[in-house]
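In: coordinates only, sequence not included:
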């Protein structure tokens, strides 16, 4: 039986915060697509200016980078800026 890695049993853990800026006319679709990304939460948004504060978690760096890339590839996203990153290792 293969063990599934979760945030609770991972040997490393990453968390980062991002500012996602998108087209205000597509902000609802951008938010929906962001929330579809694993372990991603929206903490605040400025709908008038198209800015969203996002927090992502991951059990390894490769997965976190893929999650950030997935956010960049959402239709209507203009920029994704990394604000903070923390890594904890067991």
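Out: Yes, it's here. This one's a predicted model, so the numbers in the text were calculated from it and none came from an experiment.

In: center of the protein, which residue is that?
Out: residue 56 (3.9 Å; C-alpha atoms, centre = their mean).

In: surely it meets residue 68?
Out: Yes - between residue 56 and residue 68 there is a contact at 6.9 Å, judged by C-beta atoms under 8 Å. The way it works is simple: take the backbone N, C-alpha and C, and place the C-beta from them, glycine included.

In: now the common contact residues for those two.
Out: The contact sets of residue 56 and residue 68 overlap at 16, 18 (C-beta atoms under 8 Å, 6 or more residues apart in numbering).

In: show me where this protein has its strands.
Out: Shown for the chain, the strands assigned by DSSP state E span residues 12-22, 40-46, 51-58, 77-89.

In: now do the buried residues in the longest helix belonging to the chain.
Out: Ranked by residue count and defined by DSSP state H, the top helix of the chain is helix 61-72. For helix 61-72, a neighbour-count test (16 or more other C-beta atoms under 10 Å) marks 63-64, 67-68, 70-71 as buried.

In: widest-spaced pair of those residues?
Out: Pairwise distances across the buried residues of helix 61-72 peak at 13.0 Å for 63 and 71 (criterion: C-beta to C-beta).

In: what is the longest helix of the chain packed up against?
Out: Helices and strands touching helix 61-72, by 3 or more C-beta pairs under 8 Å, 6 or more residues apart in numbering; DSSP states H and E, are strand 12-22, strand 51-58, strand 77-89.

In: that's all I had, so thanks and see you.
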